[in-house]
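Trainee: Mind folding the following:
(chains A and B)
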Amino acid sequence: MASLKALKLRIGSVKSTQKITKALNMVAASKLRRAQQNAQAARPYSNRIAEVVSSLASRITVGPQSHKLIAGTGKDATHLIIVVTGDRGLAGAFNTNIVRAARKKAEDLLADGKQVLFYIVGRKGRPAIQRFYPKAIIGQHDTLAMKAPAYSDAQAIADDIIDRFDSGQFDVAHLAYSEFKSVLSQEPQVDQIIPAAPPAAVTGNKADSAAAAAVEYEPDEEEILAALLPKNITVQIYRALLENQAGFYGSQRTAMDNATRNAGDMINRLSIQYNRQRQAAITTELVEIISGAEAL
Amino acid sequence: MADLHFELVTPERLVRSEDVYMVVVPGVEGDFGAMAGHAPVMTVLKDGELKIYKTAGGQPESINVAGGFAEVGDNGLTVLAESAGE
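Mentor: I've put the predicted structure just below:
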């Protein structure tokens, strides 16, 4: 049985832990709001780009002469997985889930006899990936310095990746990140970004394609596409960064909320134990005094 | 339909969404003015100034854009730019 003093110290330490988790919870909640706004503000752009790319892609015939970012390198041997995680922990299973999704993809590819490489964005992904695939990490982009993801960060990552693609380091690239569904649910996601996934059967919108047919392109479609495709990759990475950021704070808020509640429960339990012991000690003392007095 | 619906979007935010009289767009193959009812066109932009005329004959308002695309369709003019500064 712990002594009274030890119990008191224990309660004190749990209380200060609770203060920390509560503060982190509130910080995460306010940062979450900002991150959510950022993610929403970026949506019109990424939606428009995706629309334009898919309408253009449906108008050209993909052949070996097409831009490599849409036609691919013609091989399917080496896959790159870009793992985008947070930079900090204390967010429940957020980072673990992304890494797990990436690993699952990697295992599937390895089982098919492909070679798998990794590119890490964010600090928390590296140790986990390195443990399982020590030699497969070809690059890393640190995002710790940035407060909110800026478009220039996404640009730097995309440029690096496109350079590596052009120099033939890999044939296919996937992007693993966490999709921000709501504050309470973030879903790890693995999307193919290079070559651009074939336009998901442009939902049979006849009127749309008829309207698109009348559009005049300046310069021609291929050239526009060549300028647009790298941008599309940047935008997708940017979106992943923003979604991750929002998801991270959502997850952190939930985790810290739980931690605060657990700390509260623990304080209650320890206080009861403390009070019982104190009472027992007083009773014993009283018995001693009374029986001492009677003996006189 | 007297006015052109004009949207300027950057990755960070929706910069403008308003009805204007005319916008002069710096396309790579030459500047062009887009007014309501312009034929559908899609073009790459060179870095330069967008000139926005709110009313006919009024003073234009300029916004610098870099790395952009412009699309004119049924629902007006949409400019996608990597950066836009006033």
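
Trainee: need the strands for the stretch 151-296 of chain A, in chain order.
Mentor: For the stretch 151-296 of chain A, applying DSSP state E, counting those that start in this stretch gives strands covering A:172-180, A:186-194, A:216-218.

Trainee: Ok, chain B next?
Mentor: Listed in chain order, the strands of chain B (DSSP state E) span B:4-9, B:14-20, B:22-27, B:30-35, B:41-44, B:48-53, B:61-73, B:76-85.

Trainee: Contacts made by the second one with the rest, please.
Mentor: Translated: strand B:14-20. Applying C-beta atoms under 8 Å, 6 or more residues apart in numbering or on different chains, the external contacts of strand B:14-20 come out as A:41, A:44-45, B:3-9, B:52-54, B:63, B:84. In short, each C-beta sits where N, CA and C put it, glycine included.

Trainee: For chain B, what's the nearest residue on the stretch 1-150 of chain A?
Mentor: Taking C-beta to the nearest C-beta, chain B has its nearest neighbour within the stretch 1-150 of chain A at A:Ala41, 4.1 Å off.

Trainee: ok, how many other residues are close to that residue?
Mentor: By the measure other C-beta atoms under 10 Å in any protein chain shown, the count of residues near A:Ala41 is 16.

Trainee: nearest residue to it other than its sequence neighbours?
Mentor: In space, and not counting its chain neighbours, A:Ala41 is closest to B:Arg13: 4.1 Å by C-beta to C-beta, 6 or more residues apart in numbering or on different chains.

Trainee: The one you found reaches A:Gln40, doesn't it?
Mentor: No. Taking contacts as C-beta atoms under 8 Å, B:Arg13 lies outside contact range of A:Gln40: 9.3 Å.

Trainee: Next one, pLDDT for the residue of the stretch 1-150 of chain A closest to chain B please.
Mentor: pLDDT, A:Ala41: 84.

Trainee: Next: the one 5 residues further on.
Mentor: In this prediction, A:Ser46 carries a pLDDT score of 85.

Trainee: thinking again about what came up before, and the furthest pair within the contacts of strand B:14-20?
Mentor: Farthest apart among the contacts of strand B:14-20 by C-beta to C-beta are A:Ala41 and B:Tyr53. That separation is 26.6 Å.

Trainee: How about the lengthiest helix in chain A and chain B, touching?
Mentor: In chain A, with assignment by DSSP state H, the single longest helix is helix A:221-295. Yes. Using C-beta under 8 Å from any C-beta of the partner chain, helix A:221-295 comes into contact with chain B via A:223-224, A:227-228, A:231, A:234-235, A:238.

Trainee: Could you list the low-pLDDT ranges of the chain?
Mentor: Reading this off chain A. A:1, A:60-66, A:144-146, A:197-214 (pLDDT under 70).

Trainee: Can you look at chain B instead?
Mentor: B:1-2, B:86.

Trainee: show me what contacts residue 4?
Mentor: By default, I'm working from chain A. Contacts of A:Leu4 (C-beta under 8 Å, 6+ apart): A:274, A:277-278, A:281.

Trainee: let's do chain B instead
Mentor: B:Leu4 touches B:19-23, B:34-36, B:38, B:76-77, counting by C-beta under 8 Å, 6+ apart.

Trainee: how deep is the closest residue to it other than its chain neighbours tucked in, by neighbour count?
Mentor: Spatial nearest neighbour of B:Leu4, chain neighbours left out: B:Ala36 (4.4 Å); criterion: C-beta to C-beta, 6+ apart. Other residues near B:Ala36 number 15, with proximity taken as other C-beta under 10 Å.
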